[in-house]
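K.L.:
Turn this into a model:
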Amino acid sequence: MSAPREYEAPPRPAQGPRDIARRIGDLRQWLGTNGIASGTSGGTRRTFLASFGSAAVLVGAINVINIITSVHEQPQNGLLGPVVWEGSSWLALLAFFWIPWLAWRFAPLGVRPRWRLLVHVAAAPLYSLAHVTGFVALRELAYWLYGTTYEFGPFWPHYLYEFSKDGLGYILFVAGFSVFSRAFSVPAAATPDAKFDIRDGARLTRVAVTDILAVASAGNYVEFVLRDGRKLLMRSPLSAIESELQPHGFLRVHRSWLVNAMQMTALEPEGSGDYTVKLGNLSVPLSRRFPDALAKLRAA
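P.N.:
Numbers count the residues shown, from 1 in each chain. Sure thing, here's the model as predicted:
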């Protein structure tokens, strides 16, 4: 007996000139700068803004404490020097905040396959190098404007010292992204007027979120399966779509599938811990590797 048609990944479409326009919109979707239409969640955008704002306030407070400590312990240095040092570090940190953000978007803590987490091994020293280079450039500019010069000293010993601090900061940033993402992605039923924009190059199809039964990965694309039988393609990683639709009751049930929990009509065991999720005439696999999704579907 052949496998059900619904289990097959949709074919990857051929590349064409429209891919340039499509990539621009899809990059914004992946970064979290657009996504669900106005009036709906935008959980990814809120995750970034909340993380960025929290980092700015927390690190800024630490910088102020460092300035106060430096002036108290070494009053002969005056106030200007510590303000330039700490202020340049703060500005450079915010300027390169996008590095841990992009790494987390590619490999959030619960990502599968797990090897994708190795991106953080490369991103952490890259972020630290950018941070150090940034604040050194700002300090050199400030000192030049003041009519003197700034000496950073031997680069690698100082870089390793800064990396010991930046590495901890990087870990806290990634943890913060995960915490805020969960806070803004509590599964719930989509409101009747919630809309989602499915973009295919210059063409945009706006659909009700409640009409989306499931979303399947198809290489560099995803395929939206709608309640009326339509199947629409959009160039985007499935993880980006997951971030946008989680607040509307969508669950990751397989490395290649998201389902609308509110549209489930049956849950059938397949043995070895796997299940099949029925959404009307559509059948979607639920892998035993996603026990949280199974628990939520049982409770739905």
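K.L.:
which stretch of helix or strand covers A295?
P.N.:
helix 291-299 (DSSP states H and E).
K.L.:
Buried ones in that helix, by neighbour count?
P.N.:
By 16 or more other C-beta atoms under 10 Å, the buried positions in helix 291-299 come out as A293, L294, L297. Every residue, glycine included, has its C-beta placed from N, CA and C.
K.L.:
What ranges does the chain have for its strands?
P.N.:
Using DSSP state E, the strands found in the chain span residues 195-200, 203-208, 212-218, 221-226, 231-235, 250-254, 257-260, 266-271, 274-279, 282-286.
K.L.:
for those strands, which one sits closest to A56?
P.N.:
Proximity to A56, assessed across the strands of the chain by C-beta to C-beta, is greatest for strand 195-200 (30.0 Å).
K.L.:
Quick one: work out the angle between that closest one and strand 212-218.
P.N.:
Angle of strand 195-200 versus strand 212-218, following axes from the mean of the first three to the mean of the last three C-alpha atoms, to 10 degrees, is 30 degrees.
K.L.:
Distance from the chain centre to stretch 58-69, please.
P.N.:
28 Å (C-alpha atoms, centre = their mean, to the nearest Å).
K.L.:
neighbours around D200, how many?
P.N.:
Counted with other C-beta atoms under 10 Å, residues neighbouring D200 total 17.
K.L.:
Specify the beta-bridge partners of it.
P.N.:
R203 (DSSP bridges).
K.L.:
Surely it touches L232?
P.N.:
Yes: D200 lies in contact with L232 (C-beta atoms under 8 Å); the separation is 7.0 Å.
K.L.:
and Y161, what does it touch?
P.N.:
Residues near Y161 by C-beta atoms under 8 Å, 6 or more residues apart in numbering: none.
K.L.:
one more time with 10 Å, if that's ok
P.N.:
Applying C-beta atoms under 10 Å, 6 or more residues apart in numbering to Y161 gives the contacts V132.
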